[in-house]
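Sharing a sequence plus its predicted fold:
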Amino acid sequence: MKTSYREAMREAIRDAMRRDDRVFLMGEDVGHYGGCYAVSLGLLEEFGPDRIRDTPLSESGFVGAGIGAALGGMRPIVEIMTVNFSLLALDQIVNNAASLLHMSGGQFNVPLVIRMTTGAGRQLAAQHSHSLEGWYAHIPGLRIVAPATLADARGMLWTALEDPDPVLIFEHGTLYNAQGELDDDAGPVDLDTAAGRRPGGDVSLITYGGTLPTVLEAAERLAADGIDAEVLDLRTLRPLDDDAITATVAKTHRAVVVDEGWRSGSLSAEISARITERLFYDLDAPVGRVCSAEVPIPYARHMELAALPSVDRIVAAAREAVHAGG
Amino acid sequence: MKTSYREAMREAIRDAMRRDDRVFLMGEDVGHYGGCYAVSLGLLEEFGPDRIRDTPLSESGFVGAGIGAALGGMRPIVEIMTVNFSLLALDQIVNNAASLLHMSGGQFNVPLVIRMTTGAGRQLAAQHSHSLEGWYAHIPGLRIVAPATLADARGMLWTALEDPDPVLIFEHGTLYNAQGELDDDAGPVDLDTAAGRRPGGDVSLITYGGTLPTVLEAAERLAADGIDAEVLDLRTLRPLDDDAITATVAKTHRAVVVDEGWRSGSLSAEISARITERLFYDLDAPVGRVCSAEVPIPYARHMELAALPSVDRIVAAAREAVHAGG
Amino acid sequence: MTEPVDLLRQMLRVRRLEETCVELYSAAKIRGFLHVYIGEEAVATGVSSALAADDAVVATYREHGHALLRGVSAEAILAEMYGKQEGCCRGRGGSMHLFDAATRFYGGNAIVAGGLPLAVGLALADKMQGRDRVTVCFFGEGAVAEGEFHESLNLAALWRLPVLFCCENNLYAMGTALRLVESETDIALKASAYEIPAWPVDGMDVLAVAETARRAVDAVRGGGGPHFLELRTYRFRAHSMFDPERYREKAEVARWVERDPIETLRASLALPEQEWTEMQRDVDAELQAAVAFAEAGTDEPVEELTRFVHSDRPAR
Amino acid sequence: MTEPVDLLRQMLRVRRLEETCVELYSAAKIRGFLHVYIGEEAVATGVSSALAADDAVVATYREHGHALLRGVSAEAILAEMYGKQEGCCRGRGGSMHLFDAATRFYGGNAIVAGGLPLAVGLALADKMQGRDRVTVCFFGEGAVAEGEFHESLNLAALWRLPVLFCCENNLYAMGTALRLVESETDIALKASAYEIPAWPVDGMDVLAVAETARRAVDAVRGGGGPHFLELRTYRFRAHSMFDPERYREKAEVARWVERDPIETLRASLALPEQEWTEMQRDVDAELQAAVAFAEAGTDEPVEELTRFVHSDRPAR
Ligand SMILES: Cc1ncc(C[n+]2csc(CCOP(=O)(O)OP(=O)(O)O)c2C)c(N)n1
Ligand SMILES: Cc1ncc(C[n+]2csc(CCOP(=O)(O)OP(=O)(O)O)c2C)c(N)n1
Ligand SMILES: [Mg+2]
Ligand SMILES: [Mg+2]
């Protein structure tokens, strides 16, 4: 079936709503407007305003209400329009959703799913372009996922809803229009493992989410040069699939992490540190990182592009890794 | 002069208030209560309620007001009682304070200082014990400092107030009672450089803030075993003093980073990644990390201690680094 | 309705529990922050008396009494503050984070106003599932300045959710007097601005609290949407064990102590001395047993440290 | 006071600017999100007419008109939306982030309600420094649900700060009607709950807006503390260029378009046709020049990308 990332996500929501009465979607403009990025278009008509629930502009309030509803036996999907606005709800996410189970000694789990749009690339400037999923991956108690493919967009939500604990789903804004083929019976996707997206033996390119297409393009460019890159899509950013990371780097002995987050303190730093910890004696080159420039993302197209990981920079980093040292 | 960290910080505030009319302190209970941790005790009497300004419980509101006041020509010191509560103000800190200068094309700088208490160790449990300074260090546009000594507590504030851009000062809750000698003419301290706290040649222990005393104790234990550790206090977490980090590790070829943040995505990951990037061929062992367990900090004393970096764990990590590989 | 004498007994239980906590804190058996409710007992006692067994309660870090009144045992509460695994949260929460699933006691929330959105969500779940349960949310008057207060009241009113908001107005947030932090100090009025029926209640008079709460709970349960009580009370002790109380006059405290809710009710009931003595003896016995229980408590094994970061799941 | 005919001219400038933006967006000269103010011109025009040169303005992402009225040139505004370094923010901000230090125009804030605390702080600085400047803060009615609204109003009222809050109530926040998100839809009443003097104003009548704003600004400048205007208006166009407008009826839009603030004023002034033609010609000329300026704009060198993350400081 030919479909888009947006439609795959919508199908996932529709499917979950049909399967389980306790599931509902709540957020700004999910209903009457049709969803800021049209993900929930048509769902209000199918499920009504109770279950496709428009909220006031009250991020902290409705995220907290989602936590409470989860405690009360529902399976809420809370949509935050853009990752930047999630900062308004961070107290609820960190101090409550992520902490309640542990601090109550195992009594109160929070089966909540929060979806949000992340990332740059659409000239939305500094207050709508952050990539904070790697930052969120620092918080114990949260599971962080970033579907990069149609199958993952379709399959991760149901698994997230079955998780007894909070799951945050980050959808990169540039992916919604991605078109492709999806199996008619595309099923649930686990939230534990990374996925190989391209096999190769010379260098491991490790990425996730919105930069996966860029990395795959870079891999093709490298192939043309005779460098055979393996591409690993992390999919789940917390907890990281250490086995998959270790396996690919043990094979290639060289790694470049590509991450749209700002470099300092990024997820790529964690991955780099872990690779070095586990594979220090197997590495033929230091782990490379291609991240966003450490600036609030500017509006002007050329400046925005200059700030983001690009095919050129990935190719250059991969070459450097391959030609390094030995 | 014999003094305490708390008094040094108070003297720093008093001094700044006397020097510059535009400086004022604002936050919850800074005035009539005398400061949650008694840092501002007595200042209300000296400077009056306009300049020692008690605020309502409105973290986002008064941090945002601090940003506005800075834009309006004041030099506000905003106190947030505990790092956890700063999550309520994160939108203002990230989307405004850190971004305004860049997104206005250089027009609006924000000369704001935010002070907050951070860290665990006092059995305050999950909602009062986070160590998020390393997390904040991910955000471009912010300068992040963590005074660990009396001299830094005394000297960093004035430099921070002279900075044209936002500076966040993280004060570890266990340090307030620290006693010691301070020069009578203790002066300003720069916010750019790390400080060596103990020279040594066998392994570099890199840390900051509340864990500095623990690391120094570990270094003594190691010395008794014949391992001569160099201790580097980062002091400024953003931007990192790469030269100092590189210099010590180039000398010792072995490093352990000690950081009270949660391990995954911690500042220690960034430091580890940078060391590997710069000194891959000089390293005799993978960079070690001693961080907090990835759990909301529990109340019970033995559990809290088990969660935090300890002398034992630091010593073990240093030994491992020293005995690793070659 | 709960008999007045039972209300007296409940208030006494809370008072003795808190007094015990203060003693244990001085003896360094309890650590961290400790906030006691002495002087405010009529509020939680009166409100709790109006609740059904499957109603939910969300409270603050000053919640020992609320937990006790909800049915959490003094044993489990004190063991928690001792940091023992026999505590209601295995010793992980301590004084500020009492939780109990069995009695639907949702904490023990130490972020001021952070519990309000949770209460809204709990009520939303009940409403969506067609259950006639009520969620009661306690918070101090300091919480009223937080954005989450405003967002929560609007959501509850907009969606007509079964929440009873109970503002414990003890006039101070730590050391900051209400008049120094609110442009409008009439708190019930604020709730009215969200179209929520709201009343101020004398929070030193447990009978008034119980009666008003009963009516409010009935209205909420009957589908009347959220209601709001402003309970005017006073904390007799310091904010926490670290508070030197510079911000208020001893005379002010003394004036309020004259209205001690326990003494007031005891006087008005003209309780025979012997019954009072017996009641005290019973309560003391309960607390002695609780202390003994806590003393006998054991440490959670440190190997469990990372347990419950996520739920124990069946291995896949 | 500004002459009515000048108000007409200002509204026309805003209208043409916005129409130009829409065209340029369709021509892909402007990218990202674009929110236009067509239909709402009377609000910013009337309020701006009441301000002095050194007053400050804080606005939202729907702020092109506010910037223009404040004195930012159409050239600098359009060049900004073109992403050119001749733009008022060197092309870094775009449509949602116009800033201008010279006219004290503080944005261009794209976090709903995020500008309110800034306005409070700007006013605090003025008050502490004894200056009689006023800070005007514009925001949509959608912002009223945010916690920051509540916190900001309380702070401003508590400290009696010189802020004029201007709520542009156009009945919708993106696609969500006010009545679907507020339990109490009377916005002026909400401000009153903070003891802030507040009036609803017909936001389609520029004369009414100008007159009310003048009185409010005078009161604020005179030390009367914050004031609040609820400006009842309507956006004629979609929320942004991506909005298919499913949430409202065409007939509703048409009813409001009948009250077009420009047409209304022109009719009531009985402006001679020739003057109107001249005015249009002038404004068109201004905008043509602005487009030409933007077209001739140049790209900021990418080497400057990391400049202004921190201030350029003298090397130590
Ligand atoms: C968001 C947040 N800010 C600050 C604090 C620190 N703090 C703890 S209790 C308290 C006072 C709260 O007063 P109130 O709500 O009136 O409750 P009371 O203690 O009087 O019962 C403060 C400021 C906190 N816990 N959470
Ligand atoms: C905190 C936050 N949440 C959500 C958004 C997305 N958003 C942008 S404009 C808007 C509607 C705002 O409506 P209103 O305040 O009435 O202003 P109007 O657009 O009608 O002028 C929304 C939801 C945002 N920018 N910021
Ligand atoms: Mg109080
Ligand atoms: Mg609107």
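Here it is on my side, so go on. Residues are numbered from 1 along each chain as shown, chains lettered A, B, ... in the order given. Ligands and ions are numbered 1, 2, ... in the order given.

alpha carbons only for contacts and neighbour counts from here, please
OK.

Helices of the chain, start to end?
I'll assume chain A. Using DSSP state H, the helices assigned to chain A run over residues A:5-19, A:43-51, A:59-71, A:90, A:100-103, A:133-136, A:150-162, A:212-224, A:242-252, A:267-279, A:301-307, A:311-323.

To clarify, I was referring to chain C.
Using DSSP H, helices in chain C cover C:4-26, C:41-48, C:64-70, C:74-81, C:115-128, C:147-158, C:187-192, C:206-219, C:250-257, C:261-269, C:273-295.

Compare the ones you listed and say which comes out lowest on pLDDT.
Mean pLDDT is lowest for helix C:187-192 out of the helices of chain C, coming in at a mean of 93.

From the contact counts, what lies against that helix?
strand C:198-202, strand C:227-232 (3 or more CA pairs under 8 Å, 6 or more residues apart in numbering or on different chains; DSSP states H and E).

Mind checking those for the one nearest to chain B?
Judged by CA to the nearest CA, the one of those that comes nearest to chain B is strand C:227-232, at 18.1 Å.

who touches the closest residue to ligand 2 within the stretch 201-316 of chain C in this structure?
Residue nearest to ligand 2 within the stretch 201-316 of chain C: C:Pro226 (25.5 Å; CA to the nearest ligand atom). By CA atoms under 8 Å, 6 or more residues apart in numbering or on different chains, the residues touching C:Pro226 are C:156-157, C:160-165, C:196-197, C:220.

Local confidence estimate at C:Pro314?
58.

now swap in C:Met1 and tell me
69.

Show me which residues of chain C sit near chain B.
Counting by CA under 8 Å from any CA of the partner chain, chain C comes close to chain B at C:31-33, C:82-84, C:91-94, C:110-112, C:142-143, C:145-147, C:174-176, C:180-182, C:245-247, C:299-300, C:302, C:305-306, C:309.

I should have written the stretch 51-200 of chain A there, sorry.
Counting by CA under 8 Å from any CA, the stretch 51-200 of chain A sits next to chain B at A:84-85, A:87-91, A:95, A:99, A:102-103, A:125-127, A:134-135, A:137-141.

switch the cut-off to 10 Å
A:60, A:84-96, A:98-105, A:125-128, A:130, A:132, A:134-141 (CA under 10 Å from any CA of the partner chain).

repeat for the stretch 201-326 of chain A
Contact residues, the stretch 201-326 of chain A versus chain B (CA under 10 Å from any CA): A:238-240, A:261-281, A:283-289, A:293-299, A:325.

still on that earlier bit, intersect the residues of chain C next to chain B with the contacts of chain A.
Restricting those to those near chain A - CA under 10 Å from any CA - leaves C:91-94, C:110-111, C:147, C:305-306, C:309.

And the residues you listed, which two are furthest apart?
C:Gly147 and C:Leu305 (33.9 Å; CA to CA).

the more surrounded of those two?
C:Gly147 (28 against 22; other CA atoms under 10 Å in any protein chain shown).

tell me the contacts of that one?
A:58, A:60-61, B:57-61, B:88, C:113-114, D:145-152 (CA atoms under 10 Å, 6 or more residues apart in numbering or on different chains).

Can you tell me which of these are buried?
Among these, the ones that count as buried by 16 or more other CA atoms under 10 Å in any protein chain shown are A:58, A:60-61, B:57-61, B:88, C:113-114, D:145-152.

Could you point out which residue ranges in the stretch 51-200 of chain A have low pLDDT?
Along the stretch 51-200 of chain A, segments meeting pLDDT under 70 are nowhere present.

For it, which residue gets nearest to ligand 2?
A:Phe85 (4.8 Å).

which non-adjacent residue is nearest the residue of the stretch 151-300 of chain A found nearest ligand 3?
Relative to ligand 3, the nearest point of the stretch 151-300 of chain A is A:Pro166 (32.0 Å; CA to the ion). Closest residue to A:Pro166 apart from its sequence neighbours, by CA to CA, 6 or more residues apart in numbering or on different chains: A:Leu112 at 4.7 Å.

Surely the one you found is in contact with A:Ala70?
Yes. Assessed by CA atoms under 10 Å, A:Leu112 is found in contact with A:Ala70 at 5.7 Å.

surely A:Glu45 meets A:Val30?
No. Using CA under 10 Å, A:Glu45 makes no contact with A:Val30, being 11.5 Å away.

I'd like the contacts of C:Pro226 written out as JSON lines, with neighbour count added.
JSON lines is the format used below for the contacts of C:Pro226 (neighbours: other CA atoms under 10 Å in any protein chain shown):
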{"residue": "C:Ala156", "neighbour count": "29"}
{"residue": "C:Ala157", "neighbour count": "25"}
{"residue": "C:Arg160", "neighbour count": "20"}
{"residue": "C:Leu161", "neighbour count": "29"}
{"residue": "C:Pro162", "neighbour count": "32"}
{"residue": "C:Val163", "neighbour count": "32"}
{"residue": "C:Leu164", "neighbour count": "29"}
{"residue": "C:Phe165", "neighbour count": "27"}
{"residue": "C:Ile196", "neighbour count": "25"}
{"residue": "C:Pro197", "neighbour count": "18"}
{"residue": "C:Val220", "neighbour count": "23"}
